[in-house]
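> After the sequence you'll find the predicted model.
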Amino acid sequence: MTPPRHFLGLDTIEPALLRRLVDAGLALKRARLQGGAERHPLGGKSLALIFEKQSTRTRVSFEIAMRQLGGDALVLNSNESQISRGETPADTARVLSRYVDAIMIRALRHETLSELAAYASVPVINGLTDRSHPCQLIADVMTFEEHRGAIKGRVIAWLGDGNNVAATWVQAAARFDFTLRLGCPAPLRLRADVLAWAKAEGARVELCPRAEDAVEGADCVVTDTWVSMGDAPDKPIDLLRAFQVNEAIMARAAPRAIFLHCLPATRGQEVSAGVIDGPASVVWDEAENRVHAQKAILLYCLAPEALP
Ligand code: CP
């Protein structure tokens, strides 16, 4: 039997395929906006969406993506299912594989995703774990390229917490060949294994102890919430105050630099209202692009011959 085409992480997918998914997402968006004849390559297919954590964008964008492609999606909140009573990811995978054509999971622990994928006979998609958020990065690269052209060779600055989204930006730097400057306080720096992976891949990832150095001349400034779901209550968020993206910080970036944030945002913490609601911000395009990125990922998993 052919193994299922999972979408688990940027680190496990070849650069050429990731490039194809970004281009496909942009093409699918253009086709939708041009209002041509609808194509339904996923007609009759069903996607299960498992959530161990809350979501707005990931849930809605996957549901809408399936509808636009002619398929169906159903949501399984873990607290309303046997998952919260201890049914294993392996057993859940084996059962759901008999019902649906693909499974997306937002998991508290990356190991849950890995176990699900190991036992599922249908494709499994990573909708965020404690280690990575690869669907988000397909939408983010799309958004950068819509506004600023090819991301290859450009400079992206990440400010704030060295969290799962930052780790996925590191993977993206290796896969899409751009420079990533990480401005994170030392105690909240990225996991050492992620940085070691980037080094082994030859990625251009620079650690910047000062926010000002990270953003100098950057084409794009990115941040994320300081308090993610599942964070320890004693997380030292005071250390992050020097890494807030505000007007003074954006003024150091390149003249046409854009601002990205995967959302939800807390104005006055990781970003000032003046930046997220200002002219450099493309966060609403970024959120919109989640739908088209999900369509590209779903087509790769379920009907690669229909990828544009
Ligand atoms: N960015 C993101 O994944 O948003 P949600 O948590 O709302 O899904």
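Nice, I can see it.

> I'd like the distance between A90 and the ligand.
In this view, A90 and the ligand are 25 Å apart by CB to the nearest ligand atom, to the nearest Å. In this view, the C-beta of every residue, glycine as well, is placed from N, C-alpha and C.

> where do the strands sit along this structure?
Assignment of strands within the chain using DSSP state E yields the ranges 46-51, 72-77, 102-106, 124-126, 155-159, 179-183, 204-207, 220-223, 258-261.

> Return the distance of A73 relative to L28.
17 Å (CB to CB, to the nearest Å).

> what residues does the stretch 101-250 of the chain put near the ligand?
The stretch 101-250 of the chain has residues 128, 136 near the ligand, with proximity defined as CB under 6 Å from any ligand atom.

> Hmm, H147 is touching L260, no?
No - if you go by CB atoms under 8 Å, H147 and L260 don't touch, sitting 9.6 Å apart.

> Pick out whichever of these two has more residues nearby.
Set H147 next to L260 and count neighbours by other CB atoms under 10 Å: L260 wins out with 26 against 17.

> Was I right to think the more buried one contacts T143?
Yes - assessed by CB under 8 Å, L260 is found in contact with T143 at 6.4 Å.

> just to revisit the earlier point, any chance of the strands of the chain in TSV, plus mean pLDDT?
What follows is the strands of the chain, written out as TSV (pLDDT from 0 to 100):
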stretch	mean pLDDT
strand 46-51	98
strand 72-77	97
strand 102-106	98
strand 124-126	98
strand 155-159	98
strand 179-183	98
strand 204-207	98
strand 220-223	98
strand 258-261	98
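
> now the ones you listed in JSON lines, with distance to I276?
Shown next, in JSON lines, are these (distance: least, CB to CB, whole Å):
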{"stretch": "strand 46-51", "distance to I276": "25"}
{"stretch": "strand 72-77", "distance to I276": "28"}
{"stretch": "strand 102-106", "distance to I276": "24"}
{"stretch": "strand 124-126", "distance to I276": "26"}
{"stretch": "strand 155-159", "distance to I276": "13"}
{"stretch": "strand 179-183", "distance to I276": "17"}
{"stretch": "strand 204-207", "distance to I276": "25"}
{"stretch": "strand 220-223", "distance to I276": "9"}
{"stretch": "strand 258-261", "distance to I276": "6"}
